[in-house]
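> Return a 3D structure for these sequence lines:
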Amino acid sequence: MADTSLASNVLEHEERQSLESREFGFWIYLMTDAVIFALLFATYVVLSQNSAAGPTSKEVFDLRHTAGETVLLLLSSLTFGIATISMVAGKGGRVVQWLFVTLLLGLGFLAMELIEFRGMIQEGAGPDVSGFLSAFFTLVGTHGLHVAFGVIGICVMIGQVLVKGLTLPVRSRLVRLGLFWHFLDIVWIGIFSVVYLPGVM
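Residues are numbered from 1 along each chain as shown. Take a look at the predicted model:
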């Protein structure tokens, strides 16, 4: 009996070490992602005035639409935080509920972004028109692609919580996904501050 208990403790210790290594690796990934976004921001700042013969930012940006996107993403970060608190409390049902709300908010954000892109392209402000628009679509589109991956991750985590419960590996994955989601929220605040606000002034 003692041998079984010892083996169980050893396995649990090894599992914790493995999860800690994965969490460290995920932090490395986030840092590399931050570098990528920093380069995209720098590229946009350099090209933001190069509108050539195409439309300028004042002509294509709709701050009310962007504010709606911002509200959705900020709310989704809040609901993910509540899901994390529910996880700490061991309430699997609440975790699923709040992840589902986060999923809906994320999908709403993506839908608004696609509507914005389609409207700009229909007005002749596609990514091939000028350096400004190329940099804009690359930066904002890269962020949108990350949000899409985050939405897929939320769907996966909802399934894992329902099937496996709040096991140690599931909790670790949920924490890492939360870091990723909140990181995207921070990046969007940067986009709103660096791209949209100066673009309409």
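
> Apart from its chain neighbours, what residue comes closest to Leu166?
Closest residue in space to Leu166, ignoring its immediate chain neighbours: Gly92 at 5.2 Å, by C-beta to C-beta, 6 or more residues apart in numbering. C-beta: built from backbone N, CA, C; applies to glycine.

> and the one you found, how many neighbours?
Neighbour count for Gly92, taken as other C-beta atoms under 10 Å: 16.

> quick one, what contacts Leu73?
Going by C-beta atoms under 8 Å, 6 or more residues apart in numbering, Leu73 touches 105-106, 109, 147, 184-185, 188.

> Now the buried members of these.
105-106, 109, 147, 184-185, 188 (16 or more other C-beta atoms under 10 Å).

> got these as CSV, with secondary structure and distance to Thr138 columns?
Formatted as CSV, those follow (DSSP: H, G, I helix; E, B strand; the rest coil; distance: C-beta to C-beta, whole Å):
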residue, secondary structure, distance to Thr138
Leu105, helix, 25
Gly106, helix, 21
Phe109, helix, 18
Val147, helix, 15
Leu184, helix, 16
Asp185, helix, 20
Trp188, helix, 15
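
> Tell me the one of the residues you listed nearest Arg64?
Phe109 (15.1 Å; C-beta to C-beta).

> Now that closest one: closest residue in space that isn't a chain neighbour?
Leu72 (4.4 Å).

> ditto for Val194
Nearest residue to Val194, sequence neighbours excluded (C-beta to C-beta, 6+ apart): Phe41, at 6.0 Å.

> Next, count neighbours for that neighbour.
The burial count for Phe41: 17, using other C-beta under 10 Å.

> just checking, it touches Thr138?
No. Using C-beta atoms under 8 Å as the test, Phe41 is too far from Thr138 to be in contact (10.7 Å).

> any residues in contact with both of these two?
With C-beta under 8 Å, 6+ apart, Phe41 and Thr138 have no common neighbours.

> Next secondary structure after the worst-scoring helix or strand of the chain on mean pLDDT?
Least confident helix or strand, the chain: helix 2-47 with a mean of 79, by mean pLDDT, DSSP states H and E. Following helix 2-47 in sequence order, the next helix or strand is helix 57-60 (DSSP states H and E).

> what's the following helix or strand after that next one?
helix 63-88.

> which of the residues in that following helix are buried?
By 16+ other C-beta under 10 Å, the buried positions in helix 63-88 come out as 66, 69-70, 72-73, 75-77, 79-80, 82-84, 86-87.
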